[in-house]
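Participant: Curious how this folds, go ahead:
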Amino acid sequence: MHLSDADIAHLGKLARLDLTASQRQLFAEQLSAVLDYLDQINQGDAAHVAAHVPRRTVTPYDLREDVAAVPSSVDLAAQAPHREGRLVASPPTT
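Facilitator: Residues are numbered from 1 along each chain as shown. Sure, this is the predicted structure:
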């Protein structure tokens, strides 16, 4: 599948990227190669793949009992770099 310059420009706009002409050409080549490879994979016969997947059932031994844990003696909030009293404060994001 060949992507046109207009296709790449539209994708760049959706991704809020300001692409130069050389970047659009490079991305068109790279994305076209990826889509061609995916098309090759889709044409393959994968019917035999699912036949080899073992079916596993959940047994009672797979599940652990839900038990309340004893509180840790280490105050993890005391190790936080930003605190407001007993609470951990996250730094503001930009």
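
Participant: Going by C-alpha atoms from here, please, whenever you check contacts or count neighbours.
Facilitator: OK.

Participant: residue contacts, Ile8?
Facilitator: 24, 27-28 (Cα atoms under 8 Å, 6 or more residues apart in numbering).

Participant: Following element in sequence after the helix or strand where it lies, please.
Facilitator: Using DSSP states H and E, Ile8 sits within helix 5-14. Using DSSP H and E, the next helix or strand after helix 5-14 towards the C-terminus is helix 21-43.

Participant: from the chain's centre, how far out does that next one sit?
Facilitator: 20 Å (Cα atoms, centre = their mean, to the nearest Å).

Participant: tell me the average confidence for that helix?
Facilitator: Average pLDDT, helix 21-43: 93.

Participant: That helix: which residues count as buried?
Facilitator: For helix 21-43, a neighbour-count test (16 or more other Cα atoms under 10 Å) marks 24-25, 27-28, 32 as buried.

Participant: Put together a markdown table for those, with distance to Gly44 on each row.
Facilitator: Formatted as a markdown table, those follow (distance: Cα to Cα, whole Å):
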| residue | distance to Gly44 |
| --- | --- |
| Arg24 | 30 |
| Gln25 | 29 |
| Phe27 | 26 |
| Ala28 | 25 |
| Ser32 | 19 |
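
Participant: which among those gets closest to Gln79?
Facilitator: Phe27 (45.2 Å; Cα to Cα).

Participant: distance of the nearest residue to the closest one once chain neighbours are set aside from Leu35?
Facilitator: Excluding the flanking residues, the one nearest Phe27 by Cα to Cα, 6 or more residues apart in numbering is Ile8, at 7.1 Å. For Ile8, the distance to Leu35 equals 13 Å [Cα to Cα, to the nearest Å].

Participant: Also Arg86?
Facilitator: Applying Cα to Cα, the value for Arg86 to Leu35 is 52 Å.

Participant: pLDDT on stretch 57-69, on average?
Facilitator: 73.

Participant: Nearest to His2 among the buried residues of helix 21-43?
Facilitator: Ser32 (5.2 Å).
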